[in-house]
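Undergrad: Pasting the sequence and the predicted model now:
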Amino acid sequence: MLLRKLLPMLCLPLAAAALAQPPAPTPGKANGAATATLPAQDDSRAYEAALVNRITWGATPAELARIHELGAQRYLQAQLHPAAHAPLPAPIQASIDALSINQQSEQDAQAQQRKLRQDARDLEPQAKLQMQREARAISRQRAQDTASRTILRALYSPDQLQEQMTWLWMNHFNVFAGKGDVGTYLPQYEERAIRPHALGKFGDMLRATVRSPAMLVYLDNTRNVAGQINENYAREIMELHTLGVNGGYTQADVQELARILTGLGVHNSDKPPRVKPGMRGDLVQDGLFLFNPARHDSGDKVFLGHKIRGGGMDEVDQAIDLLARHPATARFVSAKMATYFMGDAPPPALIERMAKTFLARDGDIAATLQTLYTSPEFARSLKTGVFKDPVHYVFSAMRLTYADLPPIRNPKPVAGMLQQMGQGLYQRPTPDGYPMFKSDWSGSGQMTQRFEIARLIAGAPKLFYRTEGDTEAGALPRMVPLLDANPDLARTLSPATREAIGQARKPVDANTYLLASPEFMRR
């Protein structure tokens, strides 16, 4: 009954969390230099909680204790510049190590699929169909395992900002796991092309995505060869990955970039690539990535006003440098990051300052983010919050609810919740990625789903602690009232929400009301 009483609250405009009003902040240096400092705050505990909620996947008692111990400035620097290979809790690392993507390499998975399809050629129709299904199942399993790895890292990694940025860039450089064999290549796409560069240089990440089999298959560049130009990838690189739709490029630039990208593809054979002896020096192979000079248009090009002489992979590198260092890319990428962390319509003046940092620091993502985080505009946004999309909502609810309990053993139900809410990991078919605006995720149907998911997270721990292979029903952790373990949360709640939680007869009800409250819908 109380849950039904709370439902209309979520269908109305959502109230901001009750954070104390900080004084007018002092802006840091606009160039994002490491000496920039966060604005001073009167209520430091409220400010710390708001900052943690914004740059992590959701506050936990341990995360709040960490920022309080380090101070906001040192905590932010630790998140912007994480140490390499930060350890995960041992049970979580063991779960990740046991996934199929860590038992079978990308090359071996592709070879297995290739053999299944070759063996199917001479079979009867039904047997052939079954073997083709088995080949596709390999892609699905690898995509599911990549999602499990992402979920476990999001819930338990100490490098929370890196996890958020990995998701942001996976969405920015979106690929759809259901197309062709993209799922087969997805684990390495995230692990090698995106994650190492999530807080590094944008140009390095762009270069890595251009060499990724997942991207080349998804955007059809495997069909882009000299004499049969396919413009799909070239267009999306400029429209969605770098310059933006209003970035000043022309149709001629699309055509020229498509010519530059000819020959980039996937080595899908157990035999060495066949090229003429005179071209062997131009052949580039790295794992399953293949640049085949025999498929490349080696004529001169004019791209974004610059002449690029015909060659091989050097043409691609020149084009990437032009795109990564273009002012339109700096503005477009800065606006994407500002929207992600501040919500709809971030201030244009802030975007311009971020773009200046981006250009001055050669696409340094951490430096550009520091310009954002040390801005007065960002400090003001912490008082009102940003509406959570499904990924932020589910991850933050899981982190809070299970923060002081043993690590979960089964991340699949979390992936299912995201799928149910319309934001399944790697399930966006179109290259634009999932939208980030409040209007896309705040409809009444979405709010009703969030009530259902809040109840599952708060009241069904067996979903997350029992796996398909379990033969015995082991003991489940005892759920305790979240407000008892997180007393500072009470200050962020409205009187109506506190009253509803206070009237709950069981911890599961109290926790459900908290996770379904208007205040918890914002970060």
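TA: In hand now; what should we look at?
Undergrad: quick one, longest helix in this protein?
TA: Here the longest helix in the chain is taken by residue count, with DSSP state H as the criterion, and it is helix 125-156.
Undergrad: so what does that one touch, helix or strand wise?
TA: Based on contacts counted as 3 or more Cβ pairs under 8 Å, 6 or more residues apart in numbering; DSSP states H and E, the elements that helix 125-156 packs against are helix 90-97, helix 106-120, helix 160-172, helix 182-188, helix 390-401, helix 412-420. C-beta: built from backbone N, CA, C; applies to glycine.
Undergrad: Low-confidence stretches in the stretch 351-500 of the chain?
TA: 471-474 (pLDDT under 70).
Undergrad: same question, the chain
TA: Ranges of the chain meeting pLDDT under 70: 1-36, 39-42, 471-474.
Undergrad: picking that back up, closest one to Ile365 among the helices and strands packed on helix 125-156?
TA: In terms of Cβ to Cβ, the element of these nearest to Ile365 is helix 160-172, at 7.1 Å.
Undergrad: Relative to the whole chain's centre, how far out is that closest one?
TA: Shown here is helix 160-172, whose average C-alpha point lies 4 Å from the average C-alpha point of the whole chain (Cα atoms, centre = their mean, to the nearest Å).
Undergrad: shouldn't Gln79 be in contact with Pro158?
TA: No. At 9.2 Å, Gln79 and Pro158 do not qualify as touching, with contact defined as Cβ atoms under 8 Å.
Undergrad: Same drill for these two, tell me which one is more crowded.
TA: Neighbours were counted for Gln79 and for Pro158 using other Cβ atoms under 10 Å; Gln79 has more, 24 against 18.
Undergrad: Other residues contacting whatever helix or strand the more buried one lives in?
TA: When elements are assigned from DSSP states H and E, Gln79 belongs to helix 72-80. Taking Cβ atoms under 8 Å, 6 or more residues apart in numbering as the criterion, the residues outside helix 72-80 that touch it are 34, 37-38, 41, 44, 47-48, 51-52, 55-56, 66-67, 70, 159-162, 199, 366, 369-370, 373.
Undergrad: From those residues, keep the buried residues only.
TA: Among the contacts of helix 72-80, those that count as buried by neighbour count (16 or more other Cβ atoms under 10 Å) are 38, 41, 47-48, 51-52, 55-56, 66-67, 159-162, 199, 366, 369-370, 373.
Undergrad: neighbours of the nearest residue to His267 once chain neighbours are set aside, just the number please.
TA: Nearest in space to His267, with sequence neighbours left out and distances taken as Cβ to Cβ, 6 or more residues apart in numbering, is Leu290 at 4.0 Å. Leu290 is flanked by 22 other residues according to other Cβ under 10 Å.
Undergrad: roughly how far apart are Leu290 and Leu257?
TA: If you measure Leu290 against Leu257 using Cβ to Cβ, to the nearest Å, the figure is 19 Å.
Undergrad: State the phi and psi torsions of the closest residue to Val245 other than its chain neighbours.
TA: The spatial neighbour of Val245 that comes closest, neighbours along the chain excluded (Cβ to Cβ, 6+ apart), is Glu239 at 5.1 Å. Summarising the backbone geometry of Glu239 under the convention degrees, to the nearest 10, its torsions are phi -70, psi -40.
Undergrad: Equivalent analysis for Val302, please.
TA: When read as degrees, to the nearest 10, the backbone of Val302 gives phi -120, psi 110.
Undergrad: ok, Gln255 - contacts?
TA: By Cβ under 8 Å, 6+ apart, Gln255 lies in contact with Ile229, Glu231, Ala234.
Undergrad: and what of Val52?
TA: Val52 makes contact with Ala59, Glu63, Leu64, Ile67, Tyr75 under the criterion Cβ under 8 Å, 6+ apart.
Undergrad: want to throw the residues you listed into TSV with secondary structure and distance to Asn246?
TA: Conversion of these to TSV gives the following (DSSP: H, G, I helix; E, B strand; the rest coil; distance: Cβ to Cβ, whole Å):
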residue	secondary structure	distance to Asn246
Ala59	coil	37
Glu63	helix	39
Leu64	helix	41
Ile67	helix	38
Tyr75	helix	37
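Undergrad: mind listing the strands for the protein?
TA: Listed in chain order, the strands found in the chain under DSSP state E are 264-266, 284-286, 289-291, 301-303, 306-308.
Undergrad: Could you dump the ones you listed into CSV with distance to Lys388 added?
TA: Rendered in CSV, the data for the strands of the chain read as follows (distance: least, Cβ to Cβ, whole Å):
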stretch, distance to Lys388
strand 264-266, 37
strand 284-286, 38
strand 289-291, 36
strand 301-303, 40
strand 306-308, 42
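Undergrad: Let me know which of those strands is tucked in deepest.
TA: Across those, the average number of neighbours (mean count of other Cβ atoms under 10 Å) peaks for strand 264-266, which reaches a mean of 23.
Undergrad: Can you give the contact residues for that strand?
TA: Applying Cβ under 8 Å, 6+ apart, the set of residues contacting strand 264-266 from outside is 185, 210-211, 213, 216-217, 221-222, 224, 288-292, 295, 316.
Undergrad: Please repeat the previous calculation with a cut-off of 7 Å.
TA: Val210, Pro213, Leu216, Val217, Asn221, Thr222, Leu288, Phe289, Leu290, Phe291, Asn292, Val316 (Cβ atoms under 7 Å, 6 or more residues apart in numbering).
Undergrad: and it, how far out from the chain's middle?
TA: Using Cα atoms, centre = their mean, the mean C-alpha position of strand 264-266 is found 24 Å from that of the whole chain.
Undergrad: Show me what it pairs with in its sheet, parallel or antiparallel.
TA: strand 289-291 (antiparallel) (DSSP bridges).
Undergrad: what comes up buried for stretch 317-335?
TA: 317-320, 322-326, 328-335.
Undergrad: now stretch 122-141
TA: For stretch 122-141, the neighbour count (16+ other Cβ under 10 Å) marks Met131, Ala135, Arg136, Ile138, Ser139, Gln141 as buried.
Undergrad: Can you name the residues that contact the closest residue to Phe358 other than its chain neighbours?
TA: The spatial neighbour of Phe358 that comes closest, neighbours along the chain excluded (Cβ to Cβ, 6+ apart), is Ala330 at 4.0 Å. Neighbouring residues of Ala330 by Cβ under 7 Å, 6+ apart: Ala355, Phe358, Leu359.
Undergrad: so how far is Leu257 from the second one?
TA: Which is Phe358. Applying Cβ to Cβ to Phe358 and Leu257 gives a distance of 21 Å.
Undergrad: The residue nearest to Asp317 when sequence neighbours are not counted and Gln126, how far apart?
TA: Counting by Cβ to Cβ, 6+ apart, the nearest residue to Asp317 once its immediate chain neighbours are dropped is Arg207, at 7.3 Å. Distance, Arg207 to Gln126, using Cβ to Cβ: 45 Å.
Undergrad: Kindly report the same for Tyr434.
TA: Here the distance between Tyr434 and Gln126 works out to 38 Å (Cβ to Cβ).
Undergrad: Same question for Ala65.
TA: If you measure Ala65 against Gln126 using Cβ to Cβ, the figure is 60 Å.
Undergrad: ok, now Thr329?
TA: Counting by Cβ to Cβ, the gap from Thr329 to Gln126 is 51 Å.
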